[in-house]
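# What would the 3D arrangement of this be:
(one chain, ligands or ions: 1)
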Amino acid sequence: MIGNWKMHGSHLEAIQRVQKLSYLLDPADYDRVEVGVAPPFTSLRSVQTVVQMDDLRIRIAAQNLHWQDRGAYTGEISASMLAKLSVSYAIVGHSERRQCFGEDNRVVNRKAKAAMRAGVTPIVAVGETLEQRERGEATAVIRGQVSGSLARIPTEAIQDLVIAYEPVWAIGTGRHAAPADAQEAIAGIREQIRGRHGSAADRVRILYGGSMNPGNVAALMAKLDIDGGLIGGASLDPDAFAACVRYWK
Ligand code: PEP
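Residues are numbered from 1 along each chain as shown. A predicted model of the protein is given here:
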């Protein structure tokens, strides 16, 4: 379960949020579920300090990165910089980056490969818009995003990857995908990966994202191919996020 905090809160709020989350979770939760948070860049260092100081089993994720390792790219952050801050995961291709910042599959692919080179696991986000779904294009759109975003990533690297299926119409809307529909889309992604990479597809973790919350998490997680959640709004509230982590209780 990964909490995507987006552009919310200062580093002081991030410290409070991660501390509260750690009070709410116990060792059995971490044994069962890998827990991560993706704070804004300005809070990564603070969150890392809390995690290290208190020896927490909370993974740190970045929300974005640049594909170059260094250079004249004003305002950008590289994967190796993130790795130095004990960042384990980086979200790439979030629909907000695709829509607001014009990131296409080629850019997402470069970012995913850069993350892997630095030892940061990419969480590659894909998902159709409402218009695409209504036009019956959802499957084709998702297929195109998966093949473009994962192009030229070898099979041995694919198995460590995380993919997040996030229908755009479900993000931040309070309207989550029906569990059966999310399962169908995610099973389709797994089959697509199997077609190219064989049994590595079984090791790829595929998350669902889009208005996941304590009220719907159990039904979504009950589906065979849904391995976890990428949670935005609900992750800002440590009580709600902890309840999602403990979805089976
Ligand atoms: C997200 O931003 O990845 C997300 C799923 O947001 P929300 O849970 O708020 O829909």
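# Would you map the helices across this protein?
11-24, 27-32, 41-53, 79-84, 95-100, 105-117, 130-134, 138-149, 155-158, 179-197, 217-221, 238-245 (DSSP state H).
# Going by neighbour count, list what's buried in stretch 192-211.
192-193, 197, 200-201, 204-211 (16 or more other Cβ atoms under 10 Å). Placement of C-beta: from N, CA and C, glycine included.
# The residue of the chain found nearest the ligand - nearest residue in space that isn't next to it in sequence?
Residue of the chain nearest the ligand, by Cβ to the nearest ligand atom: Gly232 (2.2 Å). Nearest non-adjacent residue to Gly232, counting by Cβ to Cβ, 6 or more residues apart in numbering: Asn4, 4.8 Å away.
# right, and that neighbour touches Glu96 too?
No: the criterion here is Cβ atoms under 8 Å, and Asn4 misses it with Glu96 at 9.5 Å.
# Tell me which of the two has more neighbours.
Asn4 (26 against 20; other Cβ atoms under 10 Å).
# The residue of the chain closest to the ligand reaches Asn213, doesn't it?
No: applying Cβ under 8 Å as the test, Gly232 and Asn213 come out as separate, 10.0 Å apart.
# Could you check which of those two is surrounded by more residues?
The residue with more neighbours, out of Gly232 and Asn213, is Gly232; 24 against 20, by other Cβ under 10 Å.
# Can you pull out the low-pLDDT segments for this protein?
Under the criterion pLDDT under 70, no range of the chain is flagged.
# What parts of it come near the ligand?
Neighbours of the ligand within the chain, by Cβ under 6 Å from any ligand atom: 4, 166, 171-172, 209-212, 230-234.
# Kindly recompute the last result at 5 Å.
Asn4, Ile171, Gly172, Gly209, Gly210, Ser211, Leu230, Ile231, Gly232, Gly233 (Cβ under 5 Å from any ligand atom).
# what sits against the spatially closest residue to the last one that is not a sequence neighbour?
Once its chain neighbours are removed from consideration, Gly233 has its nearest residue in Gly172; the separation is 6.1 Å (Cβ to Cβ, 6+ apart). Contact partners of Gly172, counting by Cβ atoms under 8 Å, 6 or more residues apart in numbering, are Ser211, Gly232, Gly233.
# Surely the last one is in contact with Gly209?
I take that to be Gly233. No: counting by Cβ under 8 Å, Gly233 stays clear of Gly209, with 10.8 Å between them.
# which one in this protein is furthest away from the centre?
Ala72 (27.8 Å; Cα atoms, centre = their mean).
# how much space between Cys244 and Leu44?
22 Å (Cβ to Cβ, to the nearest Å).
# what about Gln52, how many neighbours?
11.
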